[in-house]
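> No letters, just coordinates:
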Ligand code: AP5
Ligand code: MG
């Protein structure tokens, strides 16, 4: 299965992708996670992306398309994959059309204020990538990853200011993808304000229909 998850910042793409890859046994490709790894390693790409990400903008289409093109060739993608955070512009979506035939596009929708509240309360594990939320999904021991015991950190772009900029970028540059995929008849929308488990159930029911 080849799947795209669309949703504004903190809509729950990463949270749902982690559950769906378990369920379907396919690969999880998060362009945000890949870029954060490059930033952490201090590579040339990471250095280029760092300030753009911190300000809530988008890295260039050319750069991100090249990354995805290479990533989907890897062995773990043979059975399928979930693209989380790509495409994010119509240019990226058009390029993706040339690369693969998508089965479904899931749009996780939620109002801006819900996303802003979630993102400023998010905590992430820098070691295993698990995501928590101080308000909605707290770690068992505050500040410590349940899965691997690492100290949790906050993303640099999870401030109110950067969060608002990211949400605005979504509306300007990524929301047109909803119509793009609706017209292709492969879009399935799910209400992202529900509880995490309910959203997972709704997505699986929609995909298995
Ligand atoms: P990326 O990492 O993809 O960030 P994003 O799109 O802003 O999305 P998030 O990861 O913040 O949110 P999410 O939807 O995954 O939510 P999550 O599940 O974590 O990209 C970062 C940056 O990289 C971009 O800004 C851009 O600069 C660059 N970039 C990446 N891809 C690019 C591309 N294709 N082109 C150009 N640039 C690109 O959930 C959020 C929080 O809410 C968590 O704490 C979670 O526990 C909680 N939560 C989740 N679901 C629920 C729920 N139902 N109820 C209550 N709490 C919930
Ligand atoms: Mg994410």
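Thanks, I have it. Treat the numbers as computed from the prediction; the structure is a model and nothing was measured. Ligands and ions are numbered 1, 2, ... in the order given.
> closest point of this structure to ligand 1, which residue?
residue 32 (1.9 Å; C-beta to the nearest ligand atom). (Each C-beta comes from the backbone N, C-alpha and C, glycine too.)
> where does this structure come near ligand 1, residue by residue?
7, 9-15, 31-32, 35, 52-53, 56-59, 64, 85-86, 88, 92, 118-119, 122, 131-133, 136-137, 166, 195-196, 199 (C-beta under 6 Å from any ligand atom).
> same thing but at 5 Å, please
Within the chain, the positions lying close to ligand 1 (C-beta under 5 Å from any ligand atom) are 9-15, 31-32, 35, 53, 58-59, 64, 85-86, 88, 118, 122, 131, 133, 136-137, 166, 196.
> Mind checking which of these are in helices?
13-15, 31-32, 35, 53, 64, 118, 166, 196 (DSSP state H).
> And the residue of the chain closest to ligand 1, how close does it get to residue 72?
16 Å (C-beta to C-beta, to the nearest Å).
> And the residue of the chain most remote from its centre, how far from residue 184?
Distance from the C-alpha centroid of the chain peaks at residue 141, with 25.6 Å (C-alpha atoms, centre = their mean). As for residue 141, its distance to residue 184 is 45 Å (criterion: C-beta to C-beta).
> was I right about residue 191 contacting residue 109?
Yes - using C-beta atoms under 8 Å, residue 191 is in contact with residue 109, at 6.6 Å.
> Counting by contacts, list what the helix or strand hosting residue 107 packs against.
Remark: residue 107 resides in strand 104-109, with elements defined by DSSP states H and E. Applying 3 or more C-beta pairs under 8 Å, 6 or more residues apart in numbering; DSSP states H and E, one finds that strand 104-109 makes contact with strand 2-7, helix 13-24, helix 176-183, strand 187-191, helix 196-208.
> How about residues contacting it?
By C-beta atoms under 8 Å, 6 or more residues apart in numbering, the residues outside strand 104-109 that reach it are 1, 3-7, 11-13, 16, 177-178, 181, 186-192, 199, 203, 206-207.
> show me where pLDDT drops low in this protein?
Applying pLDDT under 70 to the chain flags no residue at all.
> If residue 4 is in a bridge, with which residues?
Under DSSP bridges, the beta-bridge partners of residue 4 are residue 83, residue 105.
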